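Student: From the sequence below, what's the structure:
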Amino acid sequence: MKEITATGLTVDEAVHSALKDLKAKEKEVEIHVIDQGKKGFLGIFGQKPAIVQVKLKKDPIQDTLLFLEDVIRKMGVQANISFKHEGREATFNIEGDDIAVLIGKRGQTLNSLQYLAQLAANRSSDHYLHVIVDAENYRTRREETLIQLANRLADQAVKTANDVKLEPMPSYERKVIHTALVHNQKITTYSVGEEPKRHLVISPRKK
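Tutor: This next block holds a predicted model:
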């Protein structure tokens, strides 16, 4: 039951009755007052009950979880998904067999899943949610690889005195490289192009 119409002597009483039936808190529902009701003469004659329609708000985290489970199942992969939700960030971690299929080459499939999950989450959220989709800690391993890559290419840029252009990657991966090189006084980093082909450039500082 996700929606209920309830009555009571007052609007508050009708809402309380609906919340009890839905087993929900007021912050978890949307309330539409159909009729304010009427006390009637001496509280008896002409009395009219208040009528409210109470509907459970969509849970963006649960919606996203169901979305991911459906997509992964249709990909023919058996997997379990756990999630952690703190403030405006939600992380979904996928575990199971054939995880490589979900990750794809250099995480491209996983990045696509994350992009779609981001859309699914914010479709029903009343505030922006940042969604991360991970698969058996791939993101951590990828971050370590990106940091090593950043330092190696920074050295290359300095030695050759030429710009080094990286392949297109999502914004959070570009941020990893920016952060890894932020204290390197010999180079600068910046992003160019439009999504999804936006890429990062490592440029040696001119003396």
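
Student: contacting residues for residue 137?
Tutor: Contacts for residue 137 were tallied using CB atoms under 8 Å, 6 or more residues apart in numbering; they are residue 93. For the C-beta atoms, the positions are set from N, CA and C on the backbone; glycine is no exception.

Student: if you set the cut-off to 10 Å instead, what comes out?
Tutor: For residue 137, the contact set (CB atoms under 10 Å, 6 or more residues apart in numbering) comprises 93, 95, 143.

Student: Let's have those in TSV, adding distance to residue 108 and pLDDT.
Tutor: Written out in TSV, the entries for the contacts of residue 137 read as follows (distance: CB to CB, whole Å; pLDDT from 0 to 100):
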residue	distance to residue 108	pLDDT
93	18	96
95	20	94
143	16	94
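
Student: ok, of those residues, which one's closest to residue 152?
Tutor: For those, the minimum distance to residue 152 (CB to CB) is 15.0 Å, reached by residue 143.

Student: didn't that closest one look like it was pressed against residue 172?
Tutor: Yes: with contact defined as CB atoms under 10 Å, residue 143 and residue 172 form a contacting pair (9.3 Å).

Student: So for these two, which sits in the more crowded spot?
Tutor: Taking neighbours as other CB atoms under 10 Å, residue 143 and residue 172 compare with residue 143 leading, 17 against 13.

Student: Which secondary structure element is home to the residue nearest to that one when sequence neighbours are not counted?
Tutor: Excluding the flanking residues, the one nearest residue 143 by CB to CB, 6 or more residues apart in numbering is residue 176, at 5.4 Å. Secondary structure from DSSP states H and E places residue 176 in helix 171-181.

Student: Could I get the CA-only coordinates of that helix as CSV?
Tutor: Provided in CSV are the C-alpha atoms of helix 171-181 (Å, rounded to 0.1, in the frame of the first residue of the first chain):
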residue,chain,number,x,y,z
SER,A,171,34.8,14.0,-14.4
TYR,A,172,35.6,12.1,-11.2
GLU,A,173,38.5,10.4,-12.8
ARG,A,174,39.8,13.7,-14.2
LYS,A,175,39.5,15.0,-10.7
VAL,A,176,41.7,12.2,-9.3
ILE,A,177,44.5,13.3,-11.7
HIS,A,178,44.0,17.0,-11.0
THR,A,179,44.2,16.3,-7.3
ALA,A,180,47.3,14.0,-7.6
LEU,A,181,49.2,16.7,-9.5
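
Student: Give me the most central residue, the protein.
Tutor: Within the chain, the residue whose C-alpha comes closest to the C-alpha centroid is residue 131; the distance, by CA atoms, centre = their mean, is 2.6 Å.

Student: gap between the lengthiest helix in the chain and the chain center?
Tutor: When the chain is parsed with DSSP state H, its longest helix is helix 138-160. Taking CA atoms, centre = their mean, to the nearest Å, one finds the center of helix 138-160 at 27 Å from the center of the full chain.
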